[in-house]
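# Sharing a model that was predicted from the sequence below.
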Amino acid sequence: MPPAGFFEGTEMPTAGWWEALFSDPAEVLTAVGIRPRMDVIDLCCGDGWFTLRIARIARHVTAVDIDRALLNRARIRLAESGVTNCDFAHGDANAIATLVARPADFVFLANVFHGVQDRPQLARAVASVLQPRGLFAIVNWHRRPREETTVLGEPRGPKTELRMTPTQTKAAVESAGLAFIHKVEIEPFHYAAIFQKRENKSVV
């Protein structure tokens, strides 16, 4: 049974089809805007498939997940690769502000947002840990019937009714004070919606 707070339809896939789906994770990360010298949070990191690649690009990454077993697998993955610029935080994504040590330049969230019950709440939590003008990337399945999104010969991904259009994603996140910047296509079945934290303008 999933831990309390586990988002619907976001179970970690087996390594084989995860690799088939995102065969070049570094390319995905570069496309969404992760750059050297950034401090990045890999939110709901699972077993660290993207975390390792983030660590190889960014200055520092904090991996956050509510599933302690998956987080431990991520820890082992990075340790076996000799990566040392990563911290690990166990807890609920909605409590991210209590889990990370410092504000981030970038928050990365893959294959999770469709299952979040209160999406504006999660977006507000993310905004609270971003630097001014920091970025938030959400990688989502396109809203296509599940039977059309086959990986290694089988339908994969969340139920069709859980999938979100870019417009739905944009509406959920912008209500939390994050501005939509652009959308990136991630073949074959995903897109990434990129948001930026608005700067607070002081009134003189």
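The structure has been received and is ready for your questions.
# show me the biggest helix of this structure in terms of residues.
helix 68-80 (DSSP state H).
# For that one, buried residues please.
Applying a neighbour-count criterion of 16 or more other Cβ atoms under 10 Å, one finds Leu70, Leu71, Arg73, Ala74, Arg75, Arg77, Leu78 buried in helix 68-80. Just so you know, the C-beta spots here come from the backbone N, C-alpha and C atoms, and that holds for glycine as well.
# Mean confidence (pLDDT) on that helix, please.
What helix 68-80 shows for mean pLDDT is 96.
# chain center to it: distance?
17 Å (Cα atoms, centre = their mean, to the nearest Å).
# Export only the CA atoms of it, formatted as CSV.
Extracted C-alpha coordinates of helix 68-80, given in CSV (Å, rounded to 0.1, in the frame of the first residue of the first chain):
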residue,chain,number,x,y,z
ARG,A,68,11.6,6.0,2.0
ALA,A,69,12.4,2.9,0.0
LEU,A,70,12.6,4.7,-3.3
LEU,A,71,14.6,7.5,-1.7
ASN,A,72,17.1,5.0,-0.5
ARG,A,73,17.4,3.5,-4.0
ALA,A,74,18.1,7.0,-5.3
ARG,A,75,20.8,7.4,-2.6
ILE,A,76,22.4,4.1,-3.6
ARG,A,77,22.2,5.0,-7.3
LEU,A,78,24.1,8.3,-6.8
ALA,A,79,26.6,6.8,-4.3
GLU,A,80,27.5,4.0,-6.8
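# Can you spell out which helices and strands pack onto that helix?
Under the contact criterion of 3 or more Cβ pairs under 8 Å, 6 or more residues apart in numbering; DSSP states H and E, helix 68-80 touches helix 49-57, strand 60-65, strand 86-90.
# Which one of these lies nearest to Trp17?
helix 49-57 (11.2 Å; Cβ to Cβ).
# Considering the buried residues of helix 68-80, which is situated nearest to Arg119?
Leu70 (21.8 Å).
# quick one: that closest one and Gly46, what's the gap?
Leu70 sits 5 Å away from Gly46, going by Cβ to Cβ, to the nearest Å.
# And Ala97, by the same measure?
21 Å.
# which one of the two has more residues nearby?
Gly46 (23 against 13; other Cβ atoms under 10 Å).
# Neighbours of Lys170, how many?
18.
# which residues does it contact?
Phe180, Ala193 (Cβ atoms under 8 Å, 6 or more residues apart in numbering).
# Which residue ranges of the chain form strands?
Ranges of strands within the chain are 39-43, 60-65, 86-90, 104-110, 130-141, 150-151, 154-155, 178-186, 190-197, based on DSSP state E.
# Let me have those strands in CSV, adding mean neighbour count and mean pLDDT as columns.
Compiled in CSV, the strands of the chain are given as follows (neighbours: other Cβ atoms under 10 Å; pLDDT from 0 to 100):
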stretch, mean neighbour count, mean pLDDT
strand 39-43, 27, 98
strand 60-65, 26, 98
strand 86-90, 18, 97
strand 104-110, 25, 98
strand 130-141, 21, 97
strand 150-151, 16, 90
strand 154-155, 10, 90
strand 178-186, 15, 97
strand 190-197, 21, 98
